[in-house]
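S.K.: Following is a predicted model, sequence given first.
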Amino acid sequence: MRRIFGKTFSFAAGIVAVVFLIATAAAAQPAPKASDKPADKLAVATFAGGCFWCMEPPYDAIDGVVSTISGFMGGTTPNPTYRQVTAGGTGHIEVVQVVYDPEKVPYDKLLEVYWRNVDPYDAGGQFCDRGESYTTAIFAHTPEQKRLAEASKARLAASGPLKQPIATVVRDAGPFTPAEDYHQDYYIQNPLRYKYYRYRCGRDDRLEAIWGKATN
């Protein structure tokens, strides 16, 4: 096992995978979003889905999402660093915080996107990333978000693709600490490294096995 680009996974890919990733990395990346809507008209949602690098792209693609920020939530250590969180003991997990315009995209839509970008049945982490800091959770910022998240989880438990317990928990939001700058928009700033990590981690293979072909 080797630690590469801040993530741990097996390093055994051959020349075919590298060539594939070089080709796909050339694809255009979405431009950062901006909004002239007053801040008090925007809302915040926070989701933990394993590697926060991988949770930014599906939300950035949604009309009505203003920004995504990778960071940490759920622990007790003030302003933790990435090293502290991944070493364990702080209680934090990796999250993406989504700023969105609720007049353009409802919270229910954000929940729908969330489920289809995680393995909600995995209690020990996500894909190749193991341990507490990579577990899944929905952090509710309001009673209404909590109600909707719990209802969404109940529907998944009743009629989801796998008949297994849902490991994802719904929690009250707490203090949010943004991750270091090099983690932000990683898929845009380092497309080849991002694609290589995602490929080696088996994220897309597992998501397709659970949910079928991606629709987001």
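M.R.: Everything's here; your move. Numbering: from 1, shown residues only.

S.K.: what's next to the host helix or strand of Asp204, contact-wise?
M.R.: Under the criterion of DSSP states H and E, Asp204 resides in helix 203-211. Under the contact criterion Cβ atoms under 8 Å, 6 or more residues apart in numbering, helix 203-211 has outside partners 50-51, 54, 116-117, 119, 121, 126-127, 161-162, 198, 214. (Glycine included, C-beta is placed from N, CA and C.)

S.K.: out of the residues you listed, which are buried?
M.R.: Of the members of those, the ones counted as buried by neighbours, 16 or more other Cβ atoms under 10 Å, are Gly50, Cys51, Cys54, Arg116, Asn117, Asp119, Tyr121, Gln126, Phe127, Arg198.

S.K.: Tabulate the CA atom coordinates of stretch 64-84 in PDB.
M.R.: Written as PDB, here are the backbone C-alpha positions of stretch 64-84 (Å, rounded to 0.1, in the frame of the first residue of the first chain):
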ATOM      1  CA  GLY A  64     -28.600  26.500  -8.500                       C
ATOM      2  CA  VAL A  65     -25.500  25.400  -6.700                       C
ATOM      3  CA  VAL A  66     -23.300  28.500  -6.100                       C
ATOM      4  CA  SER A  67     -20.200  26.900  -4.500                       C
ATOM      5  CA  THR A  68     -18.800  23.700  -3.000                       C
ATOM      6  CA  ILE A  69     -16.100  23.700  -0.300                       C
ATOM      7  CA  SER A  70     -14.200  20.700   0.900                       C
ATOM      8  CA  GLY A  71     -13.700  20.500   4.700                       C
ATOM      9  CA  PHE A  72     -14.400  18.700   8.000                       C
ATOM     10  CA  MET A  73     -17.300  18.500  10.400                       C
ATOM     11  CA  GLY A  74     -18.500  16.400  13.300                       C
ATOM     12  CA  GLY A  75     -15.500  16.400  15.600                       C
ATOM     13  CA  THR A  76     -14.200  18.200  18.700                       C
ATOM     14  CA  THR A  77     -10.800  19.400  17.800                       C
ATOM     15  CA  PRO A  78     -11.000  23.100  16.800                       C
ATOM     16  CA  ASN A  79      -9.800  23.900  13.300                       C
ATOM     17  CA  PRO A  80      -8.300  20.500  12.500                       C
ATOM     18  CA  THR A  81      -5.900  19.900   9.700                       C
ATOM     19  CA  TYR A  82      -6.200  17.200   7.100                       C
ATOM     20  CA  ARG A  83      -3.300  15.300   8.700                       C
ATOM     21  CA  GLN A  84      -5.000  15.400  12.100                       C
END
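
S.K.: Check the offset of it from the chain's centre.
M.R.: 11 Å (Cα atoms, centre = their mean, to the nearest Å).

S.K.: Which residue lies nearest the spatial centre of the chain?
M.R.: What sits nearest the mean C-alpha location of the chain, by Cα atoms, centre = their mean, is Met55, with 2.7 Å.

S.K.: which SS class is it?
M.R.: When classified by DSSP: H, G, I helix; E, B strand; the rest coil, Met55 comes out as helix.

S.K.: which element is the closest residue to it other than its chain neighbours on?
M.R.: In space, Met55 comes closest to Val96 once its chain neighbours are excluded; the distance is 4.0 Å by Cβ to Cβ, 6 or more residues apart in numbering. For Val96, the enclosing helix or strand under DSSP H and E is strand 93-100.
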